[in-house]
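> Show me the folded form of this:
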Amino acid sequence: MFRQPGQWMQRVEEMARRFREKGATGAEKAMTAQELGLPPRFEEAMKRRLGQTGIFVDVGGRYYLNEGRLRELEERRRAGGSSGGMAGQRHNRIALRITRMILGIFILGLIVVNWFTGRSTALWLVILVLVVAWIGITVVQIFQLAGARGRMSSPSY
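Okay, the predicted model is just below:
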């Protein structure tokens, strides 16, 4: 629902404000979602990524705001630049995908040219080096995507 990082963070700030207004800022003052006036989607989101962020803590069906975790997340977001760290990471992933695609097309082109023009050993070595680079980019992408799943991104609630 909230795909843009700014929208998501704005929604989290609104919910945090509601927690503060109701005084649910510690385990002993935890409240149910109904007492906090939160939509039913909140509890669903807590079972997914929102709960993994640690901003809102579930204590047996009652919730409280973890101010320290919220501050930490905001600082990390500010450190990522004006557009936010998530947007920068997304741009890096897109750049890697484009680079990998162009490199793959270039490799295929070289294979076709080499196949039909004389099968040069030197060109096969160049192709081999480019294939190794392509595999390296693929591995980096896999690690980036695995890391992105572990970090908070844009939960849908």
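> residue farthest from the centroid of this protein?
Residue farthest from the centre of the chain, counting by Cα atoms, centre = their mean, is G118 at 46.8 Å.
> low-confidence ranges in this protein?
Applying pLDDT under 70 to the chain flags the ranges 1-6, 80-89, 148-157.
> Show me where it has its strands.
56-59, 62-65 (DSSP state E).
> Out of those, flag the one nearest L108.
For L108, the closest of the strands of the chain is strand 56-59, at 49.0 Å, according to Cβ to Cβ. Quick note: C-beta positions are derived from backbone N, CA and C, even for glycine.
> Next, the buried residues of the closest one.
Within strand 56-59, the residues that qualify as buried are 56-57, counting by 16 or more other Cβ atoms under 10 Å.
> Check stretch 132-148 too.
Those would be 134, 137, 141, for stretch 132-148 by 16+ other Cβ under 10 Å.
> Would you mind measuring from the second one to V131?
Spatial separation of I137 from V131 under the definition Cβ to Cβ, to the nearest Å is 11 Å.
> and if you look at L38?
Distance of L38 to V131, given as Cβ to Cβ: 52 Å.
> and if you look at I94?
In terms of Cβ to Cβ, I94 sits 22 Å off from V131.
> More neighbours: which of these two?
Taking other Cβ atoms under 10 Å, I94 and V131 do not tie; V131 has more neighbours (15 against 10).
> Contacts only, for the more buried one.
Going by Cβ atoms under 8 Å, 6 or more residues apart in numbering, V131 touches I107.
> Which segments of this protein make up each domain?
Domain segmentation of the chain under automatic domain parsing yields 5-75, 81-150.
> out of those domains, deepest packed?
Burial of the domains of the chain is given as mean neighbour count (mean count of other Cβ atoms under 10 Å); domain 5-75 ranks first at a mean of 16.
> ok, now how distant is the closest residue to D58 other than its chain neighbours from Q141?
Spatial nearest neighbour of D58, excluding adjacent residues (Cβ to Cβ, 6 or more residues apart in numbering): M46 at 5.8 Å. Distance, M46 to Q141, using Cβ to Cβ: 30 Å.
> ok, now A24?
As judged by Cβ to Cβ, A24 and Q141 stand 40 Å apart.
> go on, M15?
In terms of Cβ to Cβ, M15 sits 33 Å off from Q141.
> ditto for G118
For G118, the distance to Q141 equals 34 Å [Cβ to Cβ].
> With G109 instead?
As for G109, its distance to Q141 is 22 Å (criterion: Cβ to Cβ).
> All good on my end, thank you.
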